[in-house]
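Colleague: Sequence below, structure please.
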Amino acid sequence: MSRYTVASVRVPATTANLGPGFDTLGIALNLYNTVSVARAAAPGREEAKAASMAGDQARAEAAKAESRAGTKRSAARLRSQATTKSPSRPAEECQATGTGHIDVPSPAACGKLPAGAGAELSGAMVRATADAFFRFAGAEPFPFHAAIKGNVPRSRGLGSSVTVRLGLAAGLNLLAGEPLDRDGLLDLTTELEGHPDNAAPAVCGGFAACAGEAIVSMPVKPRLRFVVLIPDLVLETRDARRVLPARVPMADAVLNIQNTAVITAAFCCEQYEILRGLFRDKLHEPYRSVLIPGFYDIIAAAEEAGALGAFLSGAGSSIMALVLEDGAVSSEPGTGLATSHAVAEAMQQAAARHGLKSEPMLLKADNSGVRVTGK
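Modeller: Numbers count the residues shown, from 1 in each chain. Below you'll find the model as predicted:
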């Protein structure tokens, strides 16, 4: 048993796909959510009985849904539980599994966030993550409180769900005596997310290229900057996946393979200059673009203003542009970022022409990944 009773874990936002690298490429960013987890007093006998019955009922309902869907693999089962939509609930209602409950901070506690989207814990996500952790780690479940604060906007394609799942799992892992190492946390988070393109950079930091269990990660130099345009538009991942076709033309698949291969090589060699023009995608952006007003005009505006390229961040709705700032080596805010500011302004103006409200943010890569910041 761990000697720790409280843990705070900082998890970076992530941008995934990078255009052609669908479910394959991702980068961690210096935008964070912090998840705090604390052991709670064990419930009384009656409370424990009620919690157990509620948990059994929830699991039975999940099993029925899984059976109807015909899912066969345990990873698919975890993904199904983890993506169940549920509104945030008061703390006392989130002890249904007997493993914990949540405290949701007020919007004011989260600070001013782009597009009005703050950090949030979903009761369903907390329960699914906690249940998965205790099973995965073989640890004895214990009651806990969890809270989140930070600036990663929800449902904007910046990995907010990973910050919750990974942050909670890492916090519980510390309180349980660290039965999982870093690779174990990555495996668990990938199962919960359903794909590693956000999970890998969030755990490892920097740029990550993923193929099943094979993951390569590397740091990103500070001269490569990221301009993200965050629209006032919620886009759930499951909705963005529904519009994707079951089949694509061979030529489209070949283009994506070529671009993904050279993007990966460019990051490995730190030859960011050759990234220009490589973010073209044919597998998902043409189909998802209809969900975002002015998508391709915003991309074009970013490139005309000097960006190496731009793409849909994850499933959207955020749009990410990469900018090479050769002078961006100072720690002083805003130093050497003239091109980044120009790109941000151009993207926001392009969005406005299509009636899309948005907020730009200037970021750089986070090369550390998930970190325990308090215990």
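
Colleague: For the rest of this, base every contact and every neighbour count on C-alpha atoms.
Modeller: Fine.

Colleague: list the buried ones in the helix or strand D131 falls within?
Modeller: Element membership of D131 [criterion: DSSP states H and E] is helix 123-137. Along helix 123-137, these residues count as buried under the neighbour rule (16 or more other Cα atoms under 10 Å): 123-134, 137.

Colleague: between those residues, which is closest to V234?
Modeller: For the buried residues of helix 123-137, the closest approach to V234 (Cα to Cα) belongs to M125, at 18.2 Å.

Colleague: I'd say the closest one and G167 touch.
Modeller: No. Counting by Cα atoms under 8 Å, G167 is not a contact partner of M125; they are 11.9 Å apart.

Colleague: out of everything not next to it in sequence, what's closest to E285?
Modeller: With Cα to Cα, 6 or more residues apart in numbering as the criterion, E285 has its nearest non-adjacent residue at 6.9 Å, and that residue is L312.

Colleague: can you pull the contacts of the one you found?
Modeller: With contacts taken as Cα atoms under 8 Å, 6 or more residues apart in numbering, L312 has the following neighbours: L18, G19, G157, E285, S318, I319, M320.

Colleague: tell me which of those residues is nearest to V216?
Modeller: Closest approach to V216 among the contacts of L312 (Cα to Cα): L18, at 15.5 Å.

Colleague: From A146, how far out is that closest one?
Modeller: Here the distance between L18 and A146 works out to 32 Å (Cα to Cα, to the nearest Å).

Colleague: Kindly report the same for A170.
Modeller: A170 is 12 Å from A146, by Cα to Cα.

Colleague: So for the two, which residue has more residues nearby?
Modeller: A direct count of neighbours by other Cα atoms under 10 Å for A170 and A146 places A170 higher, at 32 against 25.

Colleague: Enumerate every residue touching V228.
Modeller: If you count contacts by Cα under 8 Å, 6+ apart, then V228 has S318, I319, M320, A321, A344, P360, M361, L362, L363 around it.

Colleague: which phi and psi does it have?
Modeller: For V228, the backbone dihedrals are phi -110, psi 130 (criterion: degrees, to the nearest 10).

Colleague: Is the nearest residue to it once chain neighbours are set aside in a helix, a strand, or coil?
Modeller: By the measure of Cα to Cα, 6+ apart, the closest residue to V228 outside its immediate chain neighbours is M320, 4.4 Å from it. Of the three states, M320 takes strand according to DSSP: H, G, I helix; E, B strand; the rest coil.

Colleague: so M320 bridges to which residues?
Modeller: Under DSSP bridges, the beta-bridge partners of M320 are V228, F311.

Colleague: same check, this time on V11
Modeller: Per DSSP bridges, the residues bridged to V11 are N33.

Colleague: Begin at 347, not 1, for the rest of this chat.
Modeller: With 347 as the first residue, the last one maps to V357.

Colleague: Can you get me a residue count around the residue nearest to V574?
Modeller: Residues contacting M666 under the criterion other Cα under 10 Å number 32.

Colleague: can you list the domain ranges for the protein.
Modeller: Domain assignment of the chain by automatic domain parsing yields the ranges 352-563, 567-710.

Colleague: export the ones you listed to a markdown table and tack on distance to V718?
Modeller: Compiled in a markdown table, the domains of the chain are given as follows (distance: least, Cα to Cα, whole Å):
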| stretch | distance to V718 |
| --- | --- |
| domain 352-563 | 4 |
| domain 567-710 | 21 |
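
Colleague: Pick the most buried one from these.
Modeller: Between the domains of the chain, domain 352-563 has the highest mean count of neighbours, a mean of 21, where neighbours are mean count of other Cα atoms under 10 Å.

Colleague: Check the offset of the host helix or strand of E649 from the chain's centre.
Modeller: Element membership for E649, per DSSP H and E: helix 641-650. Relative to the mean C-alpha coordinate of its chain, helix 641-650 is positioned 24 Å out (Cα atoms, centre = their mean, to the nearest Å).

Colleague: Repeat that for stretch 595-614.
Modeller: Stretch 595-614 has its C-alpha centroid displaced from the chain centroid by 23 Å (Cα atoms, centre = their mean).

Colleague: same deal with stretch 644-658?
Modeller: Using Cα atoms, centre = their mean, the mean C-alpha position of stretch 644-658 is found 22 Å from that of the whole chain.

Colleague: Please work out the average pLDDT along that stretch.
Modeller: On average, the pLDDT along stretch 644-658 is 97.

Colleague: Report the separation between the two terminal residues of that stretch.
Modeller: Here the two ends of stretch 644-658 are set 10 Å apart, with distance taken as Cα to Cα.
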